[in-house]
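Colleague: Everything below, folded, please.
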Amino acid sequence: MRHGDTGTRGHGETESSLRRGVSLSVRFFLLLLTAHCALLTVSAATWTRQRSGTMAWLHAVHFIDRDHGWVAGSGGILLETTDGGSSWKKVSTFTKDTLRDVYFADDHSGWVVAERDVFQLKTNDEPPSYLLNTEDGGLTWRQVSLAGFDTNARLVRAVFSDRLNGWVFGENGAAFVTRDGGAHWSAQSLPTRHLLLGGIFLDYTRG
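Modeller: Predicted coordinates:
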């Protein structure tokens, strides 16, 4: 009986070892399969360099769909594409100041945040930053002033949740809001004096 018991126990241990070996093999195979799928996913998400046709330092990009978008940069440069970036054309903004941000609600209505060179300001009352608005796709622009704006602070970002509701952020906790598509702007009080680099709003109340 003891000899038989030993034989049975040895046979059971062999089967158990085989099962563990098969389990490890299956796990290793699944690990390899997962890694292979991950590599395929990474290789599928490729990026390609595109020529902008300018040597300007580009600061911001905005697309309203997969084909139509804009990039803004130094020297008043504003580029537009209607083919997903395969080609770009220059949009005249009638300024040589640096464009920090760009937003378009549709093909016609757009905004840019412009920053003057502080060494070329004509007066101390002239703010270093301002907004430009177009309603004809960039053919003409109008300069928009912000009442109550700290003339020593720079604006850097414009964020819109829709065509009517928008915000502009900048230095010293500067924040302005519009509820009528930019016809009027009002200052907001924020619990910070730090530089605000951006934000996102889900709707006109949550941001």
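Colleague: Please make it C-alpha for all contacts and neighbour counts, starting now.
Modeller: Noted.
Colleague: Show me the strands in this protein, by range?
Modeller: Using DSSP state E, the strands of the chain run over 58-63, 69-73, 78-81, 89-90, 98-104, 110-115, 129-134, 142-144, 155-160, 166-170, 175-178, 186-187.
Colleague: partners of the last one in the sheet?
Modeller: According to DSSP bridges, the neighbouring strands of strand 186-187, each with its direction, are strand 175-178 (antiparallel).
Colleague: circling back to that earlier point, can you list the strands of the chain in TSV and add mean pLDDT, mean neighbour count and distance to H194?
Modeller: Formatted as TSV, the strands of the chain follow (pLDDT from 0 to 100; neighbours: other C-alpha atoms under 10 Å; distance: least, C-alpha to C-alpha, whole Å):
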stretch	mean pLDDT	mean neighbour count	distance to H194
strand 58-63	96	17	20
strand 69-73	97	24	23
strand 78-81	97	22	28
strand 89-90	95	15	34
strand 98-104	96	25	18
strand 110-115	96	24	18
strand 129-134	94	22	17
strand 142-144	92	13	24
strand 155-160	93	24	12
strand 166-170	93	23	9
strand 175-178	92	20	11
strand 186-187	90	15	16
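Colleague: could I get those as a markdown table with distance to L195?
Modeller: Shown next, in a markdown table, are the strands of the chain (distance: least, C-alpha to C-alpha, whole Å):
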| stretch | distance to L195 |
| --- | --- |
| strand 58-63 | 17 |
| strand 69-73 | 20 |
| strand 78-81 | 24 |
| strand 89-90 | 30 |
| strand 98-104 | 14 |
| strand 110-115 | 15 |
| strand 129-134 | 14 |
| strand 142-144 | 21 |
| strand 155-160 | 9 |
| strand 166-170 | 6 |
| strand 175-178 | 10 |
| strand 186-187 | 15 |
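Colleague: With respect to G198, which of these lies nearest?
Modeller: Distance to G198, taken as C-alpha to C-alpha, is lowest for strand 155-160 among these, at 5.6 Å.
Colleague: can I see the domain layout of this protein?
Modeller: 1-46, 58-187 (automatic domain parsing).
Colleague: Would you format these as TSV with distance to T205 included?
Modeller: Formatted as TSV, the domains of the chain follow (distance: least, C-alpha to C-alpha, whole Å):
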stretch	distance to T205
domain 1-46	35
domain 58-187	9
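Colleague: Without its sequence neighbours, what residue ends up closest to the residue most central in space within the chain?
Modeller: When C-alpha atoms, centre = their mean is applied to the chain, the residue found nearest the centroid is V61 (7.2 Å). Once flanking residues are discounted, V61 sits nearest to V71: 4.3 Å by C-alpha to C-alpha, 6 or more residues apart in numbering.
Colleague: same check, this time on G76
Modeller: Using C-alpha to C-alpha, 6+ apart, the closest residue to G76 is K96 (4.3 Å).
Colleague: cool, and G138?
Modeller: V91 (6.3 Å).
Colleague: Tell me how many other residues crowd that neighbour.
Modeller: 17 (other C-alpha atoms under 10 Å).
Colleague: shaky segments in the chain?
Modeller: 1-45, 122-125, 150-151 (pLDDT under 70).
Colleague: Pull the number of nearby residues for S92.
Modeller: Neighbour tally, S92, other C-alpha under 10 Å: 15.
Colleague: Fine by me, we can end here.
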